[in-house]
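S.K.: Got a predicted structure plus its sequence, pasted below:
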Amino acid sequence: MSEAAIIDGKAFAAGLRERVAKVAADFEAQAGRKAGLAVVLVGEDPASQVYVRNKNKQTVACGMNSFEHKLPAETPEADLLALVEKLNADPAVDGILVQLPLPAHMNEQKVIATINPDKDVDGFHVVNVGRLATGLPGFVPCTPLGCTMLLKDRLGSLSGLNAVVIGRSNIVGKPMAQLLLRENCTVTIAHSRTQNLPEVVRGADIVIAAVGQPEMVKQDWIKPGATVIDVGMNRLPPPEGETKGKLVGDVDFAGASKVAGSITPVPGGVGPMTIAVLLRNTIVAAHRNAGVTLDE
Ligand code: NDP
């Protein structure tokens with residue numbers, strides 16, 4: 001049996017960031033200002049702190065302004081909403097991202113609903129969710145858009161292919177299914193109540209695993225030659241004597257890569273795409289907000 005081709009998300013993301021940087025430089029020349037992304041972090045969740053640090057670094061590296069707002073965990077919800085309103089009104093801010101999860105006393109839906117949809121570069125606002133579902137232009141969540149870019153780069157047209165998305169979250173599974181539908185795939189959405197999941201997955205030309213269960217998708221679930229996109233990021237418990245456990249996906253990579261045609265690794269697959277797409281969404285937002293035409 002031949003080994004699957006590895007889909008190198010790290011390299012693809014680096015190329016995308018380069019393209020964004022060129023467009024950002026052109027934007028600055030035309031608009032007379034840099035594009036700007038505001039990132040709001042409430043509390044001290046360690047994983048969120050790492051994400052925000054990386055977003056900030058990569059935004060600046062692409063030639064855009066990064067406005068970081070760090071609020072203490074006990075900040076009243078009204079103060080966060082007031083900050084979002086201020087960012088909505090700030091012409092230097094093209095994109096607004098409120099890092100999730102928020103502390104338990106805050107209503108995430110209410111906070112997302114306060115972001116101006118035209119600055120909602122995460123694509124979580126209900127207006128952008130509706131735009132995606134109805135085929136109107138809007139912002140699409142970064143991780144599933146990144147998966148779609150990798151798929152199209154690998155396969156060209158996705159038209160007519162059977163795609164199974166495992167997971168139905170608002171952040172990954174549902175928008176992923178919408179994007180695959182837009183590409184004319186026949187889409188099945190599986191979740192924790194799906195019966196006989198291995199059999200469902202065996203019918204898929206494209207498998208998207210967005211579950212949060214380490215190495216759940218096994219070798220014998222995969223149709224020979226299928227394209228496997230592993231969104232999962234699961235930290236295993238550290239081996240004895242070590243402090244950090246291994247990062248694995250939702251797919252048994254060693255097994256699945258014996259059968260699949262191509263597969264994303266973890267790390268180095270979908271992960272790096274998320275921030276690169278966020279920067280892409282931000283530069284698109286900047287053009288729209290400044291009324292500058294973007295040659296796509
Ligand atoms: P959620 O926990 O919000 O959703 C998980 C989904 O998986 C749910 O729809 C759930 O079903 C389904 N599920 C859970 N267990 C099973 C099971 N045993 N069989 C079938 N379906 C199951 O997670 P997210 O969508 O936010 O994230 C999914 C994974 O992707 C995580 O590992 C996360 O870390 C990773 N991730 C990676 C990103 C990246 O940049 N690479 C970005 C975002 C997420 P139900 O709805 O029925 O409960």
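M.R.: That came in fine, so what should we check first?
S.K.: Going by residue numbers, what spans are strands in the chain?
M.R.: Here the chain has its strands, by DSSP state E, at 5-6, 36-42, 65-71, 95-98, 162-166, 186-190, 206-209, 227-230, 234-235, 247-248, 262-263.
S.K.: Tell me if I'm right that P137 and V127 touch.
M.R.: No. In this structure P137 lies outside contact range of V127 using CB atoms under 8 Å: 11.8 Å. (Glycine included, C-beta is placed from N, CA and C.)
S.K.: Look up phi and psi at the residue lying farthest from the centre of the chain.
M.R.: What lies farthest from the middle of the chain is G241; by CA atoms, centre = their mean that is 33.7 Å. Per-residue torsions, G241: phi 90, psi -10 (degrees, to the nearest 10).
S.K.: Serialize the strands of the chain to a markdown table and add fields for distance to T114, mean neighbour count and mean pLDDT.
M.R.: What follows is the strands of the chain, written out as a markdown table (distance: least, CB to CB, whole Å; neighbours: other CB atoms under 10 Å; pLDDT from 0 to 100):
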| stretch | distance to T114 | mean neighbour count | mean pLDDT |
| --- | --- | --- | --- |
| strand 5-6 | 41 | 14 | 98 |
| strand 36-42 | 11 | 24 | 98 |
| strand 65-71 | 14 | 17 | 97 |
| strand 95-98 | 9 | 26 | 98 |
| strand 162-166 | 29 | 26 | 99 |
| strand 186-190 | 29 | 19 | 98 |
| strand 206-209 | 30 | 29 | 99 |
| strand 227-230 | 32 | 28 | 98 |
| strand 234-235 | 32 | 14 | 95 |
| strand 247-248 | 33 | 16 | 96 |
| strand 262-263 | 39 | 22 | 98 |
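S.K.: TSV please, covering the ones you listed and showing distance to the ligand.
M.R.: TSV is the format used below for the strands of the chain (distance: least, CB to the nearest ligand atom, whole Å):
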stretch	distance to the ligand
strand 5-6	16
strand 36-42	15
strand 65-71	19
strand 95-98	13
strand 162-166	5
strand 186-190	6
strand 206-209	8
strand 227-230	9
strand 234-235	5
strand 247-248	10
strand 262-263	14
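S.K.: With respect to N116, which of those strands lies nearest?
M.R.: strand 95-98 (7.3 Å; CB to CB).
S.K.: Relative to the whole chain's centre, how far out is the closest one?
M.R.: When distances are taken as CA atoms, centre = their mean, to the nearest Å, strand 95-98 is centred 14 Å away from the chain's centroid.
S.K.: What strands flank it, and is each parallel or antiparallel?
M.R.: strand 36-42 (parallel) (DSSP bridges).
S.K.: Kindly report the residues of the protein close to the ligand.
M.R.: Within the chain, the residues that sit near the ligand (CB under 6 Å from any ligand atom) are 143, 166-169, 171-173, 190-194, 197, 210-213, 231-234, 270-271, 274.
S.K.: Give me the buried subset of those.
M.R.: 143, 166-169, 171-173, 190, 197, 210-211, 231-234, 270-271, 274 (16 or more other CB atoms under 10 Å).
S.K.: mind listing which of the residues you listed are in helices?
M.R.: Among these, the members found in helices (DSSP state H) are 143, 173, 197, 271, 274.
S.K.: Closest to V93 out of those?
M.R.: Ranked by distance to V93 (CB to CB), those are led by T274 at 20.4 Å.
S.K.: Would you check how far apart the closest one and G261 are?
M.R.: If you measure T274 against G261 using CB to CB, to the nearest Å, the figure is 24 Å.
S.K.: can you pull the contacts of the residue positioned nearest the centre of the chain?
M.R.: With distances taken as CA atoms, centre = their mean, T143 lies nearest the centre of the chain, 1.6 Å away. By CB atoms under 8 Å, 6 or more residues apart in numbering, the contact list for T143 reads 171-172, 210, 231, 270, 273-274, 277.
S.K.: Now that we're looking at it, what pLDDT does it have?
M.R.: Looking at T143, its pLDDT stands at 98.
S.K.: ok, now L294?
M.R.: Here, the pLDDT recorded for L294 equals 82.
S.K.: correct me, but it touches A285?
M.R.: No. In this structure L294 lies outside contact range of A285 using CB under 8 Å: 10.1 Å.
S.K.: Same drill for the two, tell me which one is more crowded.
M.R.: Neighbour count, other CB atoms under 10 Å: between L294 and A285, A285 has more, with 23 against 12.
S.K.: which residue packs closest to E183, ignoring adjacent ones?
M.R.: Nearest residue to E183 in three dimensions, chain neighbours excluded: L158, at 4.1 Å (CB to CB, 6 or more residues apart in numbering).
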